[in-house]
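Chemist: Sequence and predicted structure below; questions after.
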Amino acid sequence: MATIKAAILGFGTVGQGIYHILNEKREELKNKLGIELEVAKILVTDASRERVPGTAHLMTTSMDEVLAEPGMQVVFEAIVNEEPAYSYLKRAVEHKCHVITANKVMFAKRGLELQDLAKANGVFVGYEATTAGGVPVIKTMKNILLVNDVSRIQGVLNGTCNYILTKMRAQGWSFETALKEAQGLGYAEADPYNDISGQDAFKKLMILSALAFGEQPDWSDVEVIGIDSISAEQVHEACEKGLRYRHVAEVEKRADGKIIAKVGPQLVDKEHPLYPVDDVFNAVALETNYIGTLTLVGPGAGMYPTASVMVEDYAEIIGKRAGFVVTI
Ligand code: NDP
Ligand code: HSE
């Protein structure tokens with residue numbers, strides 16, 4: 001049986017999740033895909049720290065070393081920020097590696113470019129994990145778009161914000177306590193300002209816009225408001241009136257072709273579809289011409305939901321390369 005090699009760039013919450021799932025599902029994936037996958041390199045900033053027992057020999061800080069590994073064909077990327085992530089993935093694609101990323105900061109800005117480059121090099125880009133964690137919105141939307149037009153997307157796209165708002169309302173926690181807990185659970189970004197300022201949801205919305213409409217609005221035209229200005233008193237008062245705060249991201253393509261987007265907190269009542277979406281859950285409602293409105297709900301952040309969709313991307317890519325449909 002053929003063996004291919006993979007690298008994991010970044011070995012924090014998501015990177016470690018990928019490693020664990022690939023190990024736990026090794027036999028099953030091998031049987032389903034007919035290919036053995038070996039994690040041969042793990043790229044971090046500090047290679048002297050062994051995060052998972054038995055991985056010290058795989059650690060490197062050098063992308064040259066990753067690409068020099070004979071048989072390297074798949075690169076999972078779970079580091080932070082646009083650079084060096086984009087440059088690393090560009091090099092990987094030019095090296096004829098398939099790439100699978102969770103990095104929305106990089107992908108919101110450079111995703112279309114990376115996909116064009118991948119096409120030119122005959123490899124695939126998986127990016128399900130960039131948006132809504134474990135919710136399969138990218139593959140669902142790709143499928144829907146084969147027949148439907150999507151006119152509007154509305155959703156809760158940041159798990160940390162939703163977790164904080166939920167805990168402030170339901171447990172009476174302070175903003176700071178809820179944020180600390182979200183960090184401990186691996187939901188928050190390395191710099192949680194991206195979560196609470198709305199920037200993380202904004203980047204995800206731009207990825208969805210690019211997929212649904214083939215373009216994004218001018219970033220400077222989009223109003224982005226976070227949850228940092230919502231006080232415990234406001235959350236409590238809303239609750240007494242039967243309302244809940246949700247951090248909502250929405251984008252629509254108007255009849256004149258203009259794309260309009262906004263991100264910010266909204267108060268929703270019991271009738272609103274986002275009312276029951278609590279904790280780290282995300283929800284994405286897609287308005288389409290034939291299906292009507294389709295809403296996907298699921299865990300929006302965390303080690304296993306995120307890593308799982310990345311391994312699913314891998315299985316899908318390998319299935320495509322081998323020309324067969326992966327059956328579960
Ligand atoms: P962590 O902060 O837990 O881990 C980041 C990892 O990346 C660390 O191992 C770090 O190395 C490594 N790293 C950072 N910069 C570099 C660099 N320049 N070169 C090499 N390695 C680097 O982050 P997460 O795992 O939470 O997130 C990773 C990515 O996945 C982010 O882009 C995030 O937005 C995205 N994501 C996260 C989700 C989540 O639930 N956490 C969900 C969906 C997407 P070192 O260990 O040496 O510091
Ligand atoms: N920090 C992000 C969130 C991770 O809380 O939604 C998932 O993208």
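Modeler: Received, thanks. Ligands and ions are numbered 1, 2, ... in the order given.

Chemist: Now for this protein, the helix or strand with the poorest mean pLDDT.
Modeler: Taking mean pLDDT, DSSP states H and E as the measure, the helix or strand of the chain with the lowest value is helix 303-322, at a mean of 92.

Chemist: which strands and helices sit next to that one?
Modeler: helix 13-24, helix 26-33, strand 35-43, strand 72-77, strand 98-101, strand 125-126 (3 or more C-beta pairs under 8 Å, 6 or more residues apart in numbering; DSSP states H and E). In this view, the C-beta of every residue, glycine as well, is placed from N, C-alpha and C.

Chemist: how about the CA coordinates for the first one, as CSV?
Modeler: Coordinates of the C-alpha atoms in helix 13-24 are reproduced here as CSV (Å, rounded to 0.1, in the frame of the first residue of the first chain):
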residue,chain,number,x,y,z
THR,A,13,-4.9,23.4,19.9
VAL,A,14,-5.7,22.6,16.3
GLY,A,15,-2.4,21.1,15.2
GLN,A,16,-2.4,18.7,18.1
GLY,A,17,-6.0,17.8,17.3
ILE,A,18,-5.0,16.8,13.8
TYR,A,19,-2.2,14.7,15.1
HIS,A,20,-4.5,12.9,17.6
ILE,A,21,-7.2,12.2,15.0
LEU,A,22,-4.7,11.0,12.4
ASN,A,23,-3.3,8.6,14.9
GLU,A,24,-6.7,7.4,16.3
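
Chemist: Pick the most buried one from the helices and strands packed on helix 303-322.
Modeler: Most buried of the helices and strands packed on helix 303-322 by mean neighbour count (mean count of other C-beta atoms under 10 Å) is strand 98-101; its value is a mean of 27.

Chemist: Okay, now the sheet partners of that strand, with direction.
Modeler: strand 72-77 (parallel), strand 125-126 (parallel) (DSSP bridges).

Chemist: and the next helix or strand after that strand, what's its mean pLDDT?
Modeler: Remark: after strand 98-101, the chain's next helix or strand is helix 104-121, criterion DSSP states H and E. In this model, helix 104-121 has an average pLDDT of 98.

Chemist: buried ones in stretch 80-96?
Modeler: Buried positions in stretch 80-96, judged by neighbour count with 16 or more other C-beta atoms under 10 Å: 85-86, 88-93, 95.

Chemist: Please verify my assumption that residue 165 contacts residue 228.
Modeler: No - using C-beta atoms under 8 Å, residue 165 makes no contact with residue 228, being 11.5 Å away.

Chemist: And the two? Which one has more around it.
Modeler: residue 165 (24 against 15; other C-beta atoms under 10 Å).

Chemist: how far away is that one from residue 279?
Modeler: According to C-beta to C-beta, to the nearest Å, residue 165 and residue 279 sit 10 Å apart.

Chemist: dump the residue contacts of residue 267.
Modeler: Neighbouring residues of residue 267 by C-beta atoms under 8 Å, 6 or more residues apart in numbering: 238, 243-246.

Chemist: quick one: it is in a helix?
Modeler: No - counting by DSSP: H, G, I helix; E, B strand; the rest coil, residue 267 is not part of a helix but strand.

Chemist: Where does residue 257 fall, secondary structure wise?
Modeler: Per DSSP H and E, there is no helix or strand for residue 257.

Chemist: Run a quick neighbour tally on it.
Modeler: Using other C-beta under 10 Å: residue 257 sits among 8 other residues.

Chemist: got the contact list for the residue nearest to residue 1 when sequence neighbours are not counted?
Modeler: Nearest non-adjacent residue to residue 1, counting by C-beta to C-beta, 6 or more residues apart in numbering: residue 36, 5.6 Å away. Listed by C-beta under 8 Å, 6+ apart, the contact set of residue 36 reads 1-4, 26, 30.

Chemist: Show me what from the chain comes close to ligand 2.
Modeler: 133, 158-160, 187-189, 195, 200, 300-301 (C-beta under 6 Å from any ligand atom).
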